[in-house]
Each structure stands twice: as structure tokens, then as C-alpha cells.
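**Student:** build me a model from this:
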Amino acid sequence: MKVSIISVGTRMPAWVQQGVEEYQKRLTRDLGLNIIEVPLSKRSKSQSIEQSIKNEGAALLKKVPPESYLVALDIRGRLITTEQLAGRLDSFRTQSQNLSLLIGGPDGLASSCLERVDESWSLSGLTLPHPLVRVLVTEQLYRAVSILNGHPYHRG
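**Tutor:** Residues are numbered from 1 along each chain as shown. Alright, predicted model coming up:
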């Protein structure tokens, strides 16, 4: 099973890169994790925020691997627990289904993305900066895989 995190933003701060790489390294045996970045659309007086979001959405959707189950990470999505994430991963793995997770930019995901996804998940009721979401998602994927493997990393 492969998981793709498709996110707006390039040139992440070192702490984001280090956090993602740490969990990505831990996951290599159990889960193929691919980080795909699309550039943040330029914000300018000649282009509205709505147009920037639309451009980012189109770029995100172009990067979705074929035949992938697509999930938006969005504050308005269904709140999921780590145990539920583990259950979903187990289901995807059993069905030989790949998973793609969309992370929007600072202004959120385009409506075109939200219309295209199979599900929307919320990681928290809090508004989180998109670089932090990358680290949080990779850590939660590792924790979910740990649950599935009976590893003591997860201690509810």
C-alpha cells in the first residue's frame, strides 16, 4: 500500500523536513509514503485569493496518482481518531487500495478538491498551519501503523 501526501507549499522549514523525514524513515518497512509538493500560488493585487486557491487546487489534483482513494484534510471534515485511522489503513491495505491525502495552502483547499474527494477528514477542531499538518499526518500514520503491528509506540 502506498500513501501520498499531496500538499501546497515548497521549501518547508528545516523542522518540518526533519519531522517528516523521521517518520517517513520509520514507515519505510510498512508503508510506502510519498510526499508530493505543489507550489503556493502567488498572491498579488492582480490575482484574487479565490483565484490563487483555484490554481492550487488544480495543481493538487494533477498530482493525484491514478486509482487512489482521495481524502481531503479539512477542518470541516469528519473528525477521526488514531484508532479510526488505523482501521482505515488496514481496510485500504486489505483491499490493495492506495491512499492520497490533500493538504491545502494557507487559505485552504479549493472547492474543486473538496468536490473530487472520496472523504474529508479533520485532524482537529483547531486551525493548524499547513507545514505543521505534514508533520502531524506523518506521525499519525506512523502511530496508526504501530497500532496495526501491536507495537508499544501507541499507548492511547
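
**Student:** hang on, Leu136 packs against His130?
**Tutor:** No: in terms of C-beta atoms under 8 Å, Leu136 does not count as a neighbour of His130; the distance is 10.4 Å. The way it works is simple: take the backbone N, C-alpha and C, and place the C-beta from them, glycine included.

**Student:** tell me which residue lies nearest the centroid of the chain.
**Tutor:** Leu101 (3.7 Å; C-alpha atoms, centre = their mean).

**Student:** that residue: which element?
**Tutor:** Leu101 belongs to strand 98-103 when elements are defined using DSSP states H and E.

**Student:** can you map out the strands along the chain?
**Tutor:** 2-8, 32-38, 68-79, 98-103, 119-122 (DSSP state E).

**Student:** give me the contact list for the shortest one.
**Tutor:** The list of residues contacting strand 119-122 from outside it, by C-beta atoms under 8 Å, 6 or more residues apart in numbering, reads 69-80, 114.

**Student:** pick out the most distant pair among the residues you listed.
**Tutor:** Across the contacts of strand 119-122, no pair lies farther apart than Tyr69 and Ile75, at 20.6 Å, counting by C-beta to C-beta.

**Student:** name the residue in the two with the higher neighbour count.
**Tutor:** Tyr69 (17 against 14; other C-beta atoms under 10 Å).

**Student:** give me every residue that touches the more buried one.
**Tutor:** Counted by C-beta under 8 Å, 6+ apart, Tyr69 has contacts Phe92, Gln97, Asn98, Leu99, Ser100, Asp118, Glu119.

**Student:** I figured the fifth one hits Leu73, correct?
**Tutor:** No: under the criterion of C-beta under 8 Å, Ser100 lies out of contact with Leu73, with a separation of 10.8 Å.
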